[in-house]
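# Got a predicted structure here, sequence first:
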Amino acid sequence: MTFLKKLSVIIFTLITLIQPQLILAQDQLIDAAGFSVSTKMPDKAPVVPETELYIEINNNTPYFTNEDITQTDPWIEFTKLDELGRVGPANAVLTTDLMPAEPRGNNSSIQPTGWQQSEWDGNYLYNRSHLIGHQLIGDGIPNLNLMTGTTAFNQEGMVPFENFVAMVVEEGETVRYRVTPYFEGDNLLASGVFMEGFSIEDNGESLSFNIYVPNRQDNISINYATGQSSATEMLEQTTNYNYQVKYPGANLYYSYNRDGILGVDTQEEVAAIVPAVPQTPAEPEEVVTTSYVANANTGKFHHSHCSSVDQMSEKNKVFLDDRDTIINQGYVPCKRCNP
């Protein structure tokens, strides 16, 4: 009995010591901006084999809390730029209501941190990569939603997952979505991004993933401290710490359809800094002649420029010019491009 009593005391002491740490961890799940930040998110970029475009994290299970995956009203939230001008986590609950009706704008004037553009074999190394893809919400707030990413990182790493999310949303599911860029130290170029998605209504049956996509390009050496690159020599891999330059736009912060717009005092200031908040597009002006592409498999039809057309199998494409004829044949308009 004496041994059992001693064992009980030891177990009780351990529980007492551990319990406050558990409570503190729970307290950290919601940050000052009001959205969930998992205490489980890795604080280091995982190692991704050179032959892979991404790696699964946490057995491919996202770090969302129960509160994260119960709200179905759409919202978008971008983190303010830090003192170096770097983007932070982008969060959203995605529905078709947020999908863009217009082609993407010209963001060539925006140069995210680490933007040291170069060419190799006639191709540009860097893209202005959306944290939350254009096909999901449009450009959002470009200077809060664009980061410097290599062509492979953007087009081969992120875009397939963004298209997957867009397809699930178009099918009527609501998706909780988060993209978290990872910067080592005070580096200006992100080493990669963590991407998480979860379809809410069917409890992740249609979509559930948690991945890390490295920001790299085959046969190109990159210094992530500055964004400089070389196709002919191995650059020294330095890491910035205690960077002294302060970024003048560090207090810029944006939230749509959740907490309002933060970090600015008036709507006039918002209009001067960022584009208008996404709204339901106005009815398009009547066009005498236009081209439509219908999907014989889904029963939807689209403008020919709609990004959904690129994802459509050629055998399912039906080309027509008359909108009334398409509707009479039973096709319904795409909610993304509103034909």
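Noted; the coordinates are in hand. What you are looking at is a predicted structure, and each value in this text was computed from that prediction instead of being measured. Numbering: from 1, shown residues only.
# From here on, just use CA atoms for contacts and neighbour counts.
Will do.
# and the gap between the residue lying closest to residue 213 once chain neighbours are set aside and residue 156?
With sequence-adjacent residues excluded and distances taken as CA to CA, 6 or more residues apart in numbering, residue 213 is closest to residue 54, at 4.5 Å. To residue 156, residue 54 is 10 Å away according to CA to CA, to the nearest Å.
# Comparing these two, which residue is more hemmed in?
Neighbours were tallied for residue 54 and for residue 156 using other CA atoms under 10 Å; the higher tally belongs to residue 54 (23 against 14).
# Would you check that that one makes contact with residue 212?
Yes. With the criterion set as CA atoms under 8 Å, residue 54 and residue 212 qualify as a contacting pair; they are 5.6 Å apart.
# Show me the strands in the stretch 201-339 of the chain, by range?
Remark: strands assigned in the stretch 201-339 of the chain by DSSP state E, counting those that start in this stretch are 208-214, 221-223, 228-230, 254-256, 292-295, 300-303, 317-320, 332-333.
# lowest-confidence stretch among those strands?
Lowest mean pLDDT within these: strand 254-256, a mean of 57.
# For the stretch 1-150 of the chain, which segments count as helices?
For the stretch 1-150 of the chain, the helices defined by DSSP state H, counting those that start in this stretch occupy 2-27, 134-137, 142-145.
# Where among those helices is average confidence lowest?
In terms of average pLDDT, helix 2-27 trails the rest of these, at a mean of 39.
# hang on, the earlier thing: OK, contacts around the residue nearest to residue 213?
Shown in contact with residue 54 (CA atoms under 8 Å, 6 or more residues apart in numbering): 48, 157, 211-214.
# Read off the pLDDT value for the residue nearest the centre of the chain.
With the centre of the chain defined as its mean C-alpha position, the nearest residue by CA atoms, centre = their mean is residue 132, 3.0 Å away. Residue 132 is assigned a predicted lDDT (pLDDT) of 96.
# separation between it and residue 56?
When distance is defined by CA to CA, residue 132 is 19 Å away from residue 56.
# Could you do residue 100 as well?
Between residue 100 and residue 56 the distance, using CA to CA, works out to 29 Å.
# neighbour-wise, which of those two wins?
Neighbour totals were compared for residue 100 and residue 56, and residue 100 leads with 24 against 17 (other CA under 10 Å).
# Quick check, the more buried one in contact with residue 166.
No. Under the criterion of CA under 8 Å, residue 100 lies out of contact with residue 166, with a separation of 11.1 Å.
# Show me whatever sits in contact with both of those two.
Taking CA under 8 Å, 6+ apart as the contact definition, residue 100 and residue 166 share the neighbouring residues 135-136.
# List buried residues within the contacts of residue 54.
Neighbour counting by 16 or more other CA atoms under 10 Å classes 157, 211-214 among these as buried.
# and those residues as TSV, adding distance to residue 77?
What follows is the buried ones among the contacts of residue 54, written out as TSV (distance: CA to CA, whole Å):
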residue	distance to residue 77
157	22
211	20
212	20
213	21
214	23
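# Between those residues, which sits nearest residue 294?
Among the buried ones among the contacts of residue 54, residue 157 lies closest to residue 294 (CA to CA), at 28.3 Å.
# did I read that right, that closest one in a helix?
Yes. Residue assignment for residue 157, taken from DSSP: H, G, I helix; E, B strand; the rest coil, places it within a helix.
# what about the closest residue to it other than its chain neighbours, how many residues close to it?
If you skip the residues right next to it in sequence, residue 157 has residue 53 as its closest partner in space, 5.6 Å away by CA to CA, 6+ apart. As a burial measure, the neighbour count of residue 53 was computed by other CA under 10 Å and equals 18.
# Which secondary structure state does the residue nearest to residue 202 when sequence neighbours are not counted sit in?
Distances taken as CA to CA, 6+ apart place residue 173 nearest to residue 202, at 7.9 Å, with adjacent residues excluded. Using three-state DSSP as the criterion, the local structure at residue 173 reads coil.
# Would you mind measuring from residue 173 to residue 68?
15 Å.
# same check, this time on residue 59
When CA to CA is applied, the distance between residue 59 and residue 68 equals 19 Å.
# Tell me which of those two has more neighbours.
Higher neighbour count among residue 59 and residue 68: residue 68, with 17 against 10, using other CA under 10 Å.
# Kind regards, and thank you for your time.
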